[in-house]
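**Q** Return atomic coordinates for the entry below.
(2 chains)
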Amino acid sequence: MNGPVMIDRRRVLAGTGALVVSFSLPDAFAQDQAAPVAKPPGSLAAAPYLDSWIRIDADGAITVFTGKAELGQGFKTAFQQIAAEELDVPFASLKVITADTSRTANEGYTSGSHSVQDSGTAIQYAAAQVRALLVAEAARRLDLPPENFHTENAAVIAPDGQRLSYGDLVAGDMLHVQAQPAAQLKDPATFKVMGQPVPRVDIPAKVTGGAAYVQDMRLQGMVHARVVRPPSYGAQLTACDISAVEKMPGVVKVVRDGNFLAVVAKKEFQAIKAMAVLSTAAKWKETPSLPKQDDLLHMLLSLPSQDKTILQQGNAPATGQKTLEATYTRPYQSHGSIGPSCAVAQLTDGTMTVWTHTQGVYPDRQGIAEMLRVPQASVRCIHVEGSGCYGHNGADDAAADAALIARELPGMPVRVQWMREQEHAWEPYGPAMVTKLKASLDGNGAISDWHFEVWSNTHSMRPGGAGSMLAAQHMSNPFTVPAPKPIPLPEGGGDRNAIPIYKFPNAQVVHHFIPAMPVRISSMRALGAYHNVFSIESFMNELAEAAGADPVEFRLKHLEDPRGREVIEKAAQAFGWHKGQKAPPNRGYGFAFARYKNLAAYCAIASEVEVNRDTGRPRLVRAVAAVDSGQVVNPDGLINQIEGAILQSMSWTLYEAVTFDDTRITSIDWQTYPILRFNAVPDSVEVHIINRPGKPFLGSGETGQGPAAASIANAIANATGKRLRDLPLTRKKIKNAIDA
Amino acid sequence: MTTLKVNGRDHQVDAEPDTPLLYVLRDDLALNAAKFGCGLGQCGACTVIVDGKAVLSCVTPLLLVEGKPVTTLEGLGSIETPAPIQRAFTEEQAAQCGYCIAGMMMRAQALLQKNAKPTDDEIRAELAPHLCRCGTHMRILRAVHRAAHLMRSADASTVQRSAQ
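**A** Just a heads-up that it's a prediction; the model follows:
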């Protein structure tokens, strides 16, 4: 009997050289697919089937799938470049599908600068292995050795020039095969698409008014909802006469479920007007529960903590001749998305579909299913881009709101968008933090011992469980907020980048994890790395000054990592940094460096800041950054990320703190929570890339946050002679320091 | 019914007169570009051009714009035939998430219609009401300069053509 001729795909991918053709029935494949010994790289480890990542239709259409969500970082374009390069197909011929629980792999959250590192790597390896399979299939058909074939423009080319298109070659479940740990990746020297500043695929729609965001969705028969949130954490709804609201024009329904209150109307502004009336009708019992906003330092130090020594090296007694100590603090800070969170939900035939700008469609599905008390299979979450989030903002909460409301209106698509005040008051902030540093210098001006302690909440209260979502916390049969857990090292949460990259003879780092969360918090871009790098890199300057050393030279003296050294040298050289330099009057120069998480991209930033001595107002005049992200996929995309990191971090560092009284959050809009405006934008920001062809991708989206903060702080100290350690470094604090 | 003139066309709109222009544009006319950012006139995401001036549509009631020409980003050009300002923002890749960009572009457009060659300081001052959270400011400034250049050269070529 003749079975179909099959290629042993596993062996093709395992790269055993010659094409092995085996005779087997498709059913036998389960056995044939023995578990690979080593795991394939990136997200392929968790989702190993090639067709989870790349599908080729018979008509030649190629679709790339990623479980990550485009948040405005531009990685959708980067993934398309990676796939086009390794598949050898034109960039424009590909389509990239992003996070959708019905279509894409479960890649958890889009966070931690992991997208290109995890998903990009998976796509790269999957694409290379798909290309190998296509070559093998062509070789089998023509009965020639595969080495004699090459690929170009979506086709395998035979030695005689015969062209076999990918669409013709792909058949049946050919790509339903597990990825192997290794792949024959292209030589970076031959790259045509990767490494190029390919224009972003999403920008044309965004600059012409195309539908680009979940906020722009308009489903047939869609209604608009607004939520009336409690006035403060823990407030209880004691009374609410809804009769007046129900009579208002366009009102479809008032939804009340315990402390969850919402109104649905046919048109959006009708919903907003009804929300205002409903808000007045709602009577709440509030309990003062917030700490003193102006004494976060003592609040954090007095809360119970779980203490862990995360680095202990060297046990020689400190031989320092000069010892410095310093305490640095960071307030609660807001993600501050320009577009308030939004979601659309629809209950159809027992399935709740939620269109959301969440960073994690699968965890969101889990949370929403738990909240609705239905199986996960009854919920589908589809990512649609929203306004930039920079971490865990109100996206997941808005998704839960929409689902809870849509459950009351079967069949009807419900769009919920938060109001500005709600986003500001209810989003989970970046946690307040305290660091205490102590170090000694030896007779040679080198650091002989280093002590670093950090006090922080967790940096992730993202869903998974329903209890992470406001709607589920507020409903009459509520879910409790899950117990917080520290994010384990090496990535870390409050202790992210707490371990110094520099080498010291003696070093100790202690993480004081604080479980109690008096203010709602979660993940904000760079997590603890923002404050830890701000602290370490400010303190390095303080030590350099005490040692009478140049800050750049002082860093290099303590750094072995050659790639880190190169990044520092590049930023210094491009800035025109030189030992003994003196800034013009009322100006100062600053420098800072970090490798994000000590395992992702390297970034060094030199800056020049001007301080008005009469008002204390600081202005970043220019910044020069150098970054090493490994193999660069899209240099302009990388530059855009680093430029953005510098400006955003400057805004956090100079202006931003969430404010509250004993009961309510009081920073509820852009007047009460001011951020960077154009009058404070620098004259220039330069980003220099050190490309590493063929090296692994290193996550870069968050690498600039910490160095930018410390570089600016160091420049302010250089300009004023005063060291500020309590974020934000406001005009008033600078003025007080100058006058002191 | 209110008559609203948007992007050169008259529309009969059935909305209460106190409805901010933003919601009429988004809900009644299904236009995407103007965005809800704050509803308070603090961020600029909702900016459109009314009668040649940049206006915050989230705090401008329908009744104040009746009969006046309203231009949104959609009215300037399209993906296929982009206006100079749209070309400029694309060429400078002046967006990250892009949520604020339509508003920025409309105020810049209004500025360039009055002042063909604004200085950098003038552009910064003009964009003061606008917030961008991604930190795309440097590119936005470059894109406005580029748009000014493109508009001037478009004008120049129009003059040249009409002179021929």
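**Q** can you give me the strands in the stretch 51-200 of chain A?
**A** Applying DSSP state E, counting those that start in this stretch to the stretch 51-200 of chain A gives strands spanning A:54-56, A:62-65, A:94-97, A:150-152, A:155-157, A:163-165.
**Q** how about CSV for the ones you listed, with distance to residue A:378 and mean neighbour count added?
**A** Where C-beta positions appear, they are placed from N, C-alpha and C, glycine not excepted. Converted to CSV, these look like this (distance: least, Cβ to Cβ, whole Å; neighbours: other Cβ atoms under 10 Å in any protein chain shown):
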stretch, distance to residue A:378, mean neighbour count
strand A:54-56, 26, 21
strand A:62-65, 23, 22
strand A:94-97, 22, 17
strand A:150-152, 43, 14
strand A:155-157, 43, 22
strand A:163-165, 41, 17
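**Q** can you put the ones you listed in a markdown table and add mean pLDDT?
**A** Formatted as a markdown table, the strands of the stretch 51-200 of chain A follow (pLDDT from 0 to 100):
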| stretch | mean pLDDT |
| --- | --- |
| strand A:54-56 | 96 |
| strand A:62-65 | 97 |
| strand A:94-97 | 96 |
| strand A:150-152 | 96 |
| strand A:155-157 | 97 |
| strand A:163-165 | 97 |
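**Q** ok, the residue positioned nearest the centre of chain A - contacts?
**A** Note on chain A: the residue nearest the mean C-alpha position is residue A:111, at 3.3 Å, using Cα atoms, centre = their mean. For residue A:111, the contact set (Cβ atoms under 8 Å, 6 or more residues apart in numbering or on different chains) comprises A:359, A:360, A:391, A:392, A:523.
**Q** Select, from these, the two members most distant in space.
**A** Maximum pairwise distance among the contacts of residue A:111 (Cβ to Cβ): 11.8 Å, between A:360 and A:391.
**Q** Which pLDDT value goes with residue 76?
**A** Defaulting to chain A. At residue A:76, the model reports a pLDDT of 93.
**Q** oops, I was thinking of chain B
**A** Residue B:76 carries a pLDDT score of 98 in this model.
**Q** Can you tell me the SS state at residue A:227?
**A** What DSSP: H, G, I helix; E, B strand; the rest coil gives for residue A:227 is strand.
**Q** Find the residue closest to it in space, skipping its chain neighbours.
**A** Using Cβ to Cβ, 6 or more residues apart in numbering or on different chains and skipping residues adjacent in sequence, the residue nearest residue A:227 is residue A:262, 4.6 Å away.
**Q** Correct me if wrong, but that neighbour is in a helix.
**A** No - checked against three-state DSSP, residue A:262 lies outside a helix; its state is strand.
**Q** Verify the contact between it and residue A:228 for me.
**A** Yes - using Cβ atoms under 8 Å, residue A:262 makes contact with residue A:228 at a distance of 6.7 Å.
**Q** low-confidence ranges in chain A?
**A** Where chain A drops to pLDDT under 70, the residues are A:1-37, A:315-319.
**Q** can you list the domains in it?
**A** Listed domain ranges for chain A are A:5-200, A:214-287+A:335-426, A:433-459+A:494-739 (source: automatic domain parsing).
**Q** Out of these, flag the one nearest residue A:313.
**A** Among those, domain A:433-459+A:494-739 comes nearest to residue A:313, with 5.2 Å by Cβ to Cβ.
**Q** check whether that closest one contacts chain B.
**A** Yes - if you take Cβ under 8 Å from any Cβ of the partner chain as the test, domain A:433-459+A:494-739 does meet chain B, through A:636, A:640-641, A:643-648, A:650-651, A:669-671, A:675-679, A:681-682, A:684-685.
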